[in-house]
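**Q** Fold the following for me, if possible:
(2 chains)
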Protein chains: 2
Amino acid sequence: MREEPILLTPGPTPVPPDVLKTMGEPMIHHRTPQYQKIFRETLEELRYVYQTKGDVIIFASSGTGAMESAVANTLSPGERVLVLEAGVFGERFTKITQRYGQKVERISVPYGQPMDTDRVLEYLKSQGRGLAAVFCQLSDTSTGIRMEVEQFARALAKTETLLIVDAVSGLAVDPLKFDEWGVDVALSGSQKALMAPPGLSFAAVSEKAWRKIKLARNPRFYFDYLLAKECYAQWDTPFTPAISIVRALALSLARIQKEGLEAFMAREARLAEAVREALGALGLELFTKESQTAGLTAVQIPKGVDGAKLLSRLMNEFNIWMAGGQGSMKGKIMRIAHMGYIGKDDLIAGFDALETVLGDLGYKLKKGVSKEILEQQQGVSR
Amino acid sequence: MREEPILLTPGPTPVPPDVLKTMGEPMIHHRTPQYQKIFRETLEELRYVYQTKGDVIIFASSGTGAMESAVANTLSPGERVLVLEAGVFGERFTKITQRYGQKVERISVPYGQPMDTDRVLEYLKSQGRGLAAVFCQLSDTSTGIRMEVEQFARALAKTETLLIVDAVSGLAVDPLKFDEWGVDVALSGSQKALMAPPGLSFAAVSEKAWRKIKLARNPRFYFDYLLAKECYAQWDTPFTPAISIVRALALSLARIQKEGLEAFMAREARLAEAVREALGALGLELFTKESQTAGLTAVQIPKGVDGAKLLSRLMNEFNIWMAGGQGSMKGKIMRIAHMGYIGKDDLIAGFDALETVLGDLGYKLKKGVSKEILEQQQGVSR
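**A** Numbering: from 1, shown residues only, chains lettered A, B, ... in the order given. Predicted coordinates for the structure are as follows:
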């Protein structure tokens, strides 16, 4: 069995060797010119991937911390919000906003189905007045669904309503033009397409959002955007940053900038197509068939195959790590990531092992068909 | 100039080589037996340094996140709290509790002065009834003051009032017997005496605290203790952990366990004494003269010496990093840490450089006097 795991999981994802190496460098202090330089670079690079000239804030937290930060910073208790739910992470925004005492309205679709964009736009027209914010996902990692963020943003641009986007797994995967589309807050994390270890999250904040933030009364301190903005003006941070991961992120973002965001995303999109073709060749049925993210593919566990056994054998016998389903999807689907640093060779190894284990578990397939499709792909090595 | 910085700062502190090395290991996924094993070990080790058999929760955040978590999890809006302030971190609890709408009462002492324990105990006797919580520091990193946590804990043990202790810089430095004393919540962080990189924080939680947490209505999600407890029962985490830093912490805590907590703390205490003697030999005046933590020493910048210049020359010419004063203490004091992995050799190099730069800046001293004191110390190498 190979010594190092191949992560085909949608977060954490594999971290490039130079980025890993910097994680092991001796500690430095953060209130110094040495750290300020790295911090400034990282903020500039984040602006590049977010496609914004505005503010981006970095937190030491998981992506959920950033999701909560948007609720805590932009809203006051009792304000009305609309949450779009097409997966576990959509439901998470519902839970968080309920905790903060928002009046929560929801548009939900079953797992694996795309968000009903027309229904959302109609709702905004008929009942949008007085909504403080709309919460959505750029992509929901639990199902691999992608939402039409541009259409929501354009519909809300001339209103008082903020558009708050969970882009934790979608940033640098699916198009997100923060400034051009008029998104107000977009959250993300270090451990998905950005190719750094988990532990950092981000919030990009629009001018329209800042006006609301100054009035918002939900309690916050650690995730306070204004406190961060004030410190950032002196290239300082309000609290001790996760220095090692910021240094790592500076390097991984430099990789994206060097390749170019469009080329980087195009590579992910080509891998996504190849993975879906390969799964089709194996006779497997996609769980999410429309409006898919380019970052991961959710596929149904075929009848008669034990999903938990499949994943644990891939891990224990081949050191190939794929993700199962979350919540009620557990045991029914598996998720294969192809974002960030995941390349053709990783997927070839992954599908080779997948074919073997599926065959062992009694699923009928022609050995080699999926691997072959991936081998034909050009320009998708990492 | 030496290539690698010597951090004599009270967080981040130096990280041992084996701990740094593990930071650079390939990423693994957290919902796997591989990670669960590390997670379980880390929780066990944290219980050891906290001296508790109860629950310890790990967050990806700075120490301030953990401080906020205690306010968010244990209180409801409008409840009365008492905050003990003897430095910047005491004031931070005031700010956080005010943000959450607590009725905040304060007992404050000037920077550098010890907390007035008798006044606190008297206050608890006369006005303690109906207080939901008392907030204090085990040590306040801004001044190096240590508070009498044991006395506060024993005074509150038979009451309904919780004792919430910021032990971010005090854990594994100053005595804290969580269970024996009856502390209710104690917060800490990875980047101080625990010798790991910044990015993790902790909350130890007593049974008495759990009873209150179930009723507490302040909003929280990312820092939700109950959600964490529920997941931990299956050795799972509610959100993606900062995997690299947890792996690092597992190793650094194993070092403490191997040396023994008492021996580890005794070494810090001996270094503290030696540092204070060395500063005295240089004719420098301590800023905090009583009730000092064993983790750091705050010393006054002598008259006529530019504090900012002193620190930047130490850093730029010697790669020795010491910390300045926070808030209104900026430019007036400097802080030298001697916690965690900081050893005799680091301090010898630090004082050697300090003597040189102080001399260059016009301060009269006899070169070698402080270094000599440190060189005489036995059994305090790392």
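**Q** Would you check that A:Pro197 makes contact with B:Ser244?
**A** Yes. Contact criterion C-beta atoms under 8 Å: A:Pro197 and B:Ser244 qualify, at 4.5 Å. (Each C-beta comes from the backbone N, C-alpha and C, glycine too.)
**Q** These two - which one has more neighbours?
**A** B:Ser244 (31 against 28; other C-beta atoms under 10 Å in any protein chain shown).
**Q** Check which helices and strands the helix or strand harbouring that one is in contact with.
**A** Here B:Ser244 sits within helix B:243-259, counting by DSSP states H and E. In terms of contacts (3 or more C-beta pairs under 8 Å, 6 or more residues apart in numbering or on different chains; DSSP states H and E), helix B:243-259 is packed against helix A:243-259, helix B:17-23, helix B:33-50, strand B:200-205.
**Q** starting at the chain centroid, how far to that helix?
**A** The chain centre lies 17 Å from the centre of helix B:243-259; the measure is C-alpha atoms, centre = their mean, to the nearest Å.
**Q** go on, stretch A:42-53?
**A** Relative to its chain's centre, stretch A:42-53 lies at 16 Å (C-alpha atoms, centre = their mean).
**Q** Just the CA coordinates for stretch A:73-89, please, in CSV.
**A** Listed next in CSV are the C-alpha coordinates belonging to stretch A:73-89 (Å, rounded to 0.1, in the frame of the first residue of the first chain):
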residue,chain,number,x,y,z
ASN,A,73,-22.0,40.8,12.0
THR,A,74,-24.7,41.8,9.5
LEU,A,75,-27.9,41.2,11.4
SER,A,76,-29.9,42.3,14.4
PRO,A,77,-32.2,40.0,16.4
GLY,A,78,-35.6,39.6,14.9
GLU,A,79,-34.7,40.6,11.3
ARG,A,80,-36.1,38.5,8.5
VAL,A,81,-33.8,36.3,6.4
LEU,A,82,-34.3,33.9,3.5
VAL,A,83,-32.2,30.7,3.5
LEU,A,84,-31.8,28.7,0.4
GLU,A,85,-31.4,25.0,1.3
ALA,A,86,-30.1,22.4,-1.1
GLY,A,87,-28.0,20.4,1.2
VAL,A,88,-26.5,20.1,4.7
PHE,A,89,-24.7,23.5,4.5
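**Q** quick one: it near chain B?
**A** No. Residues of stretch A:73-89 are not located near chain B by C-beta under 8 Å from any C-beta of the partner chain, the shortest gap being 8.5 Å.
**Q** anything in stretch A:301-311 near chain B?
**A** No. Shown here: stretch A:301-311 not in contact with chain B (C-beta under 8 Å from any C-beta), separated by at least 9.3 Å.
**Q** Stretch A:169-182 too?
**A** No. Against chain B, stretch A:169-182 shows no contacts by C-beta under 8 Å from any C-beta, the least distance being 10.9 Å.
**Q** can the helices and strands packed on helix B:243-259 go into a markdown table with extra columns for mean pLDDT and distance to A:Arg270?
**A** Output for the helices and strands packed on helix B:243-259, formatted as a markdown table (pLDDT from 0 to 100; distance: least, C-beta to C-beta, whole Å):
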| stretch | mean pLDDT | distance to A:Arg270 |
| --- | --- | --- |
| helix A:243-259 | 98 | 14 |
| helix B:17-23 | 97 | 33 |
| helix B:33-50 | 97 | 31 |
| strand B:200-205 | 98 | 37 |
